[in-house]
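Engineer: quick one: sequence and predicted model below, then my questions.
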Amino acid sequence: MTKIRAAITGVAGYLPPYILNNEELSRMVDTTDEWIMTRIGIKERHILKEPGKGSSDMGAEAVKLLLAKTNTLPGDIDLLICPTVTPDHVFPATANIISHKTGITNAFSFDVNAACSGFLYALQIASQFIETGYRKKVIVVGAEKMSSITDYTDRTTCPLFGDAAAAVLLEPTTDEVGVMDAILHSDGVGLTHLHMKAGGSVKPASHDTVDAREHYIYQEGQAVFKWAVSKMADVSVEMMEKHNLTPDNLAWLVPHQANLRIIDATGNRMGLPPEKVMINIQKYGNTTSATIPLCLWELENKLHKGDNLILAAFGGGFTWGSVWLKWAYDPK
Ligand code: UT7
């Protein structure tokens, strides 16, 4: 029997217009452009400034662009998955809100919380729904208003993050393209090193938690860095060895954009030349579950049908993984 796979058939992104650059940041906290560029590799990030707007607003913009670009009617979408750590509300799911805002009325939708690996987790979930034949047109939209959980008095975390959304459309194919394999992992030991202290059921919001600034990202940078460097590289090399992928027959590494040093280390371990590693961290920072689809959106015109891509991520949880994707279409 011919194998059905899930192929990405379109990609779109949305970036809020306000740009927060290192010069402005260095007036907010004790930092410099030189430190941020050397240690992280970020020059600027987009921030959603409009009051009353959240991740779903950016997600809806990305989805609308995706639908228009792929000539897809909202009513034809039958599943929408939103990986996010910055949902509009604890409940209902941001995916439900995005579907409502975009006229997607014939789908079921849900969020996935896997932090920076959220896009890879959601891609694999979407792919399984398609491979079984249960769903035919699926959107995965990473949407993150990281500025809503970033402490702009903490110089160790505030340079890192940005806001954005990016979406892909997945459809069944019997060609030898699409999501070929995924290796996904998690380890709850990550809680200690990367979390938000309050606002969940363990420590609900109170005056005290707000006063103690506990509704922001808490990160032990060095510990997370060590894990990220080894796990993201290990899981990417594992994928290469499993499927005889080599620096020659791989077209691109599309890595999560958390730190240029982590990206470089991963590319080097895979033996890839720099021109095969997608990097846009300097413009957008770490947009959590939106980084990888944002990269695909930027790369789209350079990708050809059959190109081998490895997508790789590491993030809070800890969660990490790699996906081997064969690109499904030529530049339009
Ligand atoms: O996507 C989710 C997963 N997250 C990640 O993958 C992030 C992983 N971690 C990292 O990327 C890095 O650890 C950071 C970028 C967060 C920090 O870089 P680092 O090279 O690990 O710096 P550090 O924490 O070891 O700090 C080095 C020094 C310290 O000063 P002392 O103690 O040596 O005097 C910090 O206080 O740099 C200082 N520092 C800063 N200086 C200027 C920390 N933040 C800043 C800053 N500007 N913004």
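Structural biologist: Happy to help now that I have it.
Engineer: quick check, residue 263 in a helix?
Structural biologist: Yes. Under DSSP: H, G, I helix; E, B strand; the rest coil, residue 263 falls within a helix.
Engineer: was I right to think residue 183 contacts residue 238?
Structural biologist: Yes. Between residue 183 and residue 238 there is a contact at 6.0 Å, judged by CB atoms under 8 Å. From N, CA and C alone the C-beta is placed, and that goes for glycine too.
Engineer: mind checking which of these two has more residues around it?
Structural biologist: The residue with more neighbours, out of residue 183 and residue 238, is residue 183; 18 against 12, by other CB atoms under 10 Å.
Engineer: Provide a list of residues in contact with that one.
Structural biologist: By CB atoms under 8 Å, 6 or more residues apart in numbering, residue 183 lies in contact with 235, 238-239, 242, 321-323.
Engineer: from those residues, which is closest to the ligand?
Structural biologist: residue 321 (13.3 Å; CB to the nearest ligand atom).
Engineer: quickly list what's touching both of residue 183 and residue 238.
Structural biologist: Counting by CB under 8 Å, 6+ apart, the shared contacts of residue 183 and residue 238 are residue 322.
Engineer: what's the burial count for residue 75?
Structural biologist: Residue 75 has 11 neighbours, counted by other CB under 10 Å.
Engineer: wait, a helix at it?
Structural biologist: Yes. Applying three-state DSSP, one finds residue 75 inside a helix.
Engineer: thought it was touching residue 105?
Structural biologist: Yes. The pair residue 75 and residue 105 qualifies as a contact (CB under 8 Å) at a distance of 6.1 Å.
Engineer: contacts only, for the most centrally placed residue in the chain.
Structural biologist: With distances taken as CA atoms, centre = their mean, the residue of the chain nearest its centroid is residue 289 (2.3 Å). Counting by CB under 8 Å, 6+ apart, residue 289 touches 83-85, 114-119, 122, 142-144.
Engineer: that one falls within a helix, correct?
Structural biologist: Yes. Under three-state DSSP, residue 289 falls within a helix.
Engineer: quick one, which of the contacts of residue 183 are buried?
Structural biologist: Among those, those scoring as buried are 235, 239, 321-323 (criterion: 16 or more other CB atoms under 10 Å).
Engineer: restricted to helices, list the residues you listed.
Structural biologist: Among the buried ones among the contacts of residue 183, DSSP state H puts 235, 239 in helices.
Engineer: enumerate the residues of this protein near the ligand.
Structural biologist: Counting by CB under 6 Å from any ligand atom, the chain comes close to the ligand at 31, 35, 39-40, 116, 155-156, 159, 221-222, 224-225, 228, 258-259, 262, 286, 315.
Engineer: counting neighbours, which of the residues you listed end up buried?
Structural biologist: Neighbour-count burial (16+ other CB under 10 Å) applied to the residues of the chain next to the ligand gives 31, 39-40, 116, 155, 159, 224-225, 228, 258-259, 262, 286, 315.
Engineer: okay, the contacts of residue 183 in JSON lines with pLDDT next?
Structural biologist: Below are the contacts of residue 183 laid out as JSON lines (pLDDT from 0 to 100):
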{"residue": "235", "pLDDT": "98"}
{"residue": "238", "pLDDT": "98"}
{"residue": "239", "pLDDT": "98"}
{"residue": "242", "pLDDT": "98"}
{"residue": "321", "pLDDT": "98"}
{"residue": "322", "pLDDT": "98"}
{"residue": "323", "pLDDT": "98"}
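Engineer: pick out the most distant pair among those.
Structural biologist: Spanning the widest gap among those are 242 and 321, at 13.0 Å by CB to CB.
Engineer: all the helices of the stretch 151-300 of the chain, in order from the start?
Structural biologist: Secondary structure of the stretch 151-300 of the chain (DSSP state H, counting those that start in this stretch): helices located at 207-211, 221-242, 260-269, 281-284, 291-299.
Engineer: average pLDDT for the last one?
Structural biologist: Looking back up the chat, that one is helix 291-299. Taken as a whole, helix 291-299 carries a mean pLDDT of 97.
Engineer: skipping adjacent residues, who's closest to the residue of the stretch 101-250 of the chain found nearest the ligand in space?
Structural biologist: Ranked by CB to the nearest ligand atom, the top residue of the stretch 101-250 of the chain for proximity to the ligand is residue 221, at 2.9 Å. Nearest non-adjacent residue to residue 221, counting by CB to CB, 6 or more residues apart in numbering: residue 156, 5.9 Å away.
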